[in-house]
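K.L.:
Sharing a model that was predicted from the sequence below.
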Amino acid sequence: MAIDFNPSRGATLGVEWELQLVDAKTRHLRQDAREVLADLPSLSEGGGNAKARHEMMESTVEIVTGICHTVGEAKADLAATLGALRGAAAARGIGLACTGTHPISDWRDAVMAPMQRYADLVEQMQWLARRIQTFGVHVHVGVTDGAKAIPIVNALAGYLPHFLALTGSSPYWGGADTGLASSRAIVFGQLPTAGPPHLLDGWPEFEDYMATLLRAGTIRSIKEVWWDIRPHPDFGTVEIRMFDGIPTLREVGMAAALCQSLVTLFEQQIDRGYTLPRPAAWVVRDNKWRATRYGLDAVVITDDGGSTAPLRDELYELVRELEPVAERLGCAAELGVAAEVLDRGASYERQRAIRAAGGSLEDVVDAAVAELAEDRFVTEVAHARR
């Protein structure tokens, strides 16, 4: 089975941001995406080129950039769509927020979006699909040659805990504290074709593996392979899907800068004749769990021999390592937000700080709405810089 990879012209960017529709009075999710999108025909119509789209649940509107070349351009694109969406939502008594799960809404109250592919998914997956009332951010980064895509996916797999811990935002599920930094990683990760990417030897092996899944009836299209990081042949990108729901545009910019910088670094290393790192599959799985459970406080495995280090230290080092690349790409300021998150708290920490101070889960929802509206951290958790 030949799968053509449509190469990109450099490390282009595309960002998908899944937003919650929150009732301004009850703070519960509103299942009104159809009505809100109908109020925005210029953004929601146009098929694959629409800037505002249905997701699986009617509680969600996904906003999508066009093909961007810089993080600043991607942020401006999202901001324009967000502004229009906010106006349409507010007219219906709806606020917008983005965390990996909604703290108080029950997944059993969710309404499926009116699309056949979602109905087919529910029929196939049943309870696993019906409970996916979760929210995330996906970042596409262009790759100039399909032969580079699989080595870059393999190398990026070593950064799953970094991506997840910086954006962990789903400690609550159905009104209860799960004890996790990211319950979304568990809920979505239970789908049969979700989870860490398979570490393959190259594009021919990827083609063979996809052909095998299709032949076995495991998938009907390669778009049903929902790995945490995957190649996207049609777009000519590597798609990083590990991020939890991200509450602020500033943090979305951070995620995009981190991805663009890493993919650019790996492309340059391939061009110079280097072999990219390929972590052992067990290390990838174990480290993802550690970040899911402990977030930024995880102690992660740093080599196949089982050596470990604090993830916070690893993240500070990663930001410093990527700074020269980010400077050349024009996204150093956005990358620097990662250090701010490390110092002042990731979303899951900020949410728990509200509860620790005596606030309710409704207060947590209000803070998420305010963070998106004001593009700032409403609550902070001080951490000493290492």
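P.N.:
That came through fine. From a predicted model like this one, the values you see are computed outputs, not experimental measurements.

K.L.:
can you count the residues close to the nearest residue to residue 277 once chain neighbours are set aside?
P.N.:
Nearest residue to residue 277 in three dimensions, chain neighbours excluded: residue 155, at 5.3 Å (C-beta to C-beta, 6 or more residues apart in numbering). Quick note: C-beta positions are derived from backbone N, CA and C, even for glycine. Applying other C-beta atoms under 10 Å, we find 23 residues neighbouring residue 155.

K.L.:
How about the contacts made by residue 61?
P.N.:
18, 19, 21, 33, 36, 37, 52, 53, 54, 55, 85 (C-beta atoms under 8 Å, 6 or more residues apart in numbering).

K.L.:
got a markdown table for these, with distance to residue 240 and pLDDT too?
P.N.:
Formatted as a markdown table, the contacts of residue 61 follow (distance: C-beta to C-beta, whole Å; pLDDT from 0 to 100):
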| residue | distance to residue 240 | pLDDT |
| --- | --- | --- |
| 18 | 14 | 98 |
| 19 | 19 | 98 |
| 21 | 25 | 98 |
| 33 | 25 | 96 |
| 36 | 27 | 97 |
| 37 | 26 | 96 |
| 52 | 22 | 96 |
| 53 | 19 | 94 |
| 54 | 22 | 91 |
| 55 | 18 | 91 |
| 85 | 23 | 98 |
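
K.L.:
returning to what we had before: can you tell me what sits against the helix or strand containing the residue nearest to residue 277?
P.N.:
Per DSSP states H and E, residue 155 falls inside helix 146-156. The contact list for helix 146-156 (C-beta under 8 Å, 6+ apart) reads 4-5, 7, 143, 197, 199-203, 205-206, 229-231, 233, 236, 238, 240, 262-263, 266-267, 270, 275-279.

K.L.:
just the buried members of those residues?
P.N.:
5, 7, 143, 197, 199-200, 203, 206, 229-231, 233, 236, 238, 240, 262-263, 266-267, 270, 276, 278-279 (16 or more other C-beta atoms under 10 Å).

K.L.:
quick one, the longest helix along the chain and helix 146-156 angle?
P.N.:
The residue-count maximum for a helix in the chain (DSSP state H) belongs to helix 249-271. Between the axes of helix 249-271 and helix 146-156, defined by axes from the mean of the first three to the mean of the last three C-alpha atoms, to 10 degrees, the angle is 120 degrees.

K.L.:
what distance separates helix 249-271 from the centre of its chain?
P.N.:
Between the centre of helix 249-271 and the centre of its chain there are 14 Å (C-alpha atoms, centre = their mean, to the nearest Å).

K.L.:
The protein: strands as residue ranges?
P.N.:
Under the criterion DSSP state E, strands of the chain are mapped to 13-23, 52-54, 60-64, 94-97, 136-142, 172-173, 176-177, 194-195, 226-227, 229-232, 237-244, 299-301, 308-310.

K.L.:
quick one: the longest one to strand 136-142, angle?
P.N.:
So the one you mean is strand 13-23. Using the same axes, to 10 degrees, strand 13-23 lies at 170 degrees relative to strand 136-142.

K.L.:
roughly how far apart are residue 269 and residue 188?
P.N.:
Distance of residue 269 to residue 188, computed by C-beta to C-beta, to the nearest Å: 31 Å.

K.L.:
So those two - more neighbours on which side?
P.N.:
Legend: neighbour count by other C-beta under 10 Å for residue 269 and residue 188, higher for residue 188 (24 against 17).
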